[in-house]
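Q: Okay, sequence plus prediction incoming.
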Amino acid sequence: MWDDDDLITWVSDELPRPLRDILARFAPPNIPEITVEQGWWPLVVRLGDRLTAVDPDYRVRRVAPQDGRLHFELAAPLRTASLASAVLAAEDESARTCEVCGRPGRWRGPSKLYTVLCDEDASPL
């Protein structure tokens with residue numbers, strides 16, 4: 001089992017196994033890519049686990065940041081309230097989670113380019 005620190009500190013040219021499993025769920029013709037920073041990887045993995053528990057055949061269209069939040073789009077319309085609830089909970093959690101390190105964070109940035117960062121990752125070098 002992967003813990004959050006394993007994912008956040010992952011160093012490799014390949015994605016860790018739990019994220020590769022999610023990539024395998026991308027429905028054609030969508031490009032299988034996860035474009036969120038490592039601080040959100042644990043959110044994505046937990047969401048994938050929750051979705052699998054509700055619908056083992058779920059398919060993904062997109063996993064990306066959007067307006068300072070995780071955007072996890074399923075390929076088919078959300079068929080159950082449980083799927084919708086799981087996606088919404090992960091997206092809500094992302095709005096309070098630093099994209100870089102996974103610690104508590106808040107929205108930062110200019111009006112059209114929001115990101116969620118903790119104080120440490122937001123401070124200039």
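A: Yep, it's here.

Q: Tell me if I'm right that Cys118 and Arg108 touch.
A: No: the criterion here is C-beta atoms under 8 Å, and Cys118 misses it with Arg108 at 9.7 Å. Quick note: C-beta positions are derived from backbone N, CA and C, even for glycine.

Q: Strands of the protein, start to end?
A: Listed in chain order, the strands of the chain (DSSP state E) span 60-66, 69-74, 106-108, 115-117.

Q: Direction included, what does the helix-or-strand element of the chain with minimal mean pLDDT pair up with?
A: Least confident helix or strand, the chain: strand 106-108 with a mean of 88, by mean pLDDT, DSSP states H and E. Looking at strand 106-108 with DSSP bridges, its partner strands are strand 115-117 (antiparallel).

Q: Give me the distance between the partner strand and the centre of its chain.
A: Offset of strand 115-117 from its chain centre (C-alpha atoms, centre = their mean, to the nearest Å): 13 Å.
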